[in-house]
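**Student:** kindly generate the corresponding structure for this input.
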Amino acid sequence: MENKNLEERKEEMLKNYGLKHVSREFDGTKKISEDDLNFILEIGRLAPSSYGLEPWKFVVVENEKIKEDLYKTTPRLENTLRKADKIIIILSRNSNHLRYSSNYINYVLKDVKRIPEELVTEIKSGIRTLQEREANSMYDTLSIYHWSWRQSYLALSSMIFAANEIGISALPIEEYNEKQLEDVLVKQGALDKNDYSISVMLALGYGEGDLKTERIRRPMSELLTRI
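**Tutor:** The predicted model follows:
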């Protein structure tokens, strides 16, 4: 019975994920409930990350005046964003927080996850090995930041999937003037550039004249290699 339920769930997920919401724009008259927004954010919070370090922060832009400033940072998508109900900006932690010996890593492992000291030492050794292997030196700032930045897309994809599951359209946005967007967030006290950098934006809303159609993708034979 359990296997049957599992197969039915898999079939349902493939059916739902095999469809996309087709809409040229968001419907600006429809609002996302606080409960649905919190659901999407919680799925993002629970997203997996390397060593469970969660090197991200979410900024939800709801204030209309701040939105006006945000629209100016991405002029080509301004009309689309104006009709989105919620805009989430995902920040990624800077490298100074993610070196194996940082206070942040100690905090997450010891205080948040309450991992025994002997295991903390082992995990930090693994992180050090990773950082030394991927960087020109263990203090290579750019390599460590790229590691953090890549992690943020795990949270992004989790939130997109969660939104799709409850009928909300989610539009990831990488096209913006980073300096202008930084200035908007710094002005509002939402970004300390010593701690975080901007990773990506996510616009949420309900599609205008929403239709469902099959997702068109390349066949598996073109993108899969088994060795």
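
**Student:** what's the burial count for residue 117?
**Tutor:** The number of residues packed near residue 117 is 9, by other CB atoms under 10 Å. Every C-beta, even on glycine, is put in place using the N, C-alpha and C of the backbone.

**Student:** let's see the pLDDT reported for the residue lying closest to it once chain neighbours are set aside.
**Tutor:** Of all residues not flanking residue 117 in the chain, residue 110 sits nearest, at 7.7 Å (CB to CB, 6 or more residues apart in numbering). Note on residue 110: pLDDT of 95.

**Student:** please renumber the chain so that the first residue is 13 from this point on.
**Tutor:** Let's use 13 as the start, then, which means that last one is residue 122.

**Student:** ok, residue 122 to residue 24 distance?
**Tutor:** According to CB to CB, to the nearest Å, residue 122 and residue 24 sit 41 Å apart.

**Student:** what about those two, which has more around it?
**Tutor:** Neighbour comparison, residue 122 and residue 24: the larger count goes to residue 122, with 13 against 10 (by other CB under 10 Å).

**Student:** separation between the more buried one and residue 143?
**Tutor:** From residue 122 to residue 143 the distance is 19 Å (CB to CB).

**Student:** what about the helices in this protein?
**Tutor:** Taking DSSP state H, the helices of the chain run over residues 14-29, 46-57, 76-83, 90-95, 115-118, 129-146, 153-177, 190-199, 232-235.

**Student:** from what I see, residue 159 and residue 109 are in contact.
**Tutor:** No: between residue 159 and residue 109 there is no contact under CB atoms under 8 Å: 11.5 Å.

**Student:** low-confidence stretches in the chain?
**Tutor:** Within the chain, the segments meeting pLDDT under 70 span 13-14, 16, 30-36, 146-154, 221-225.
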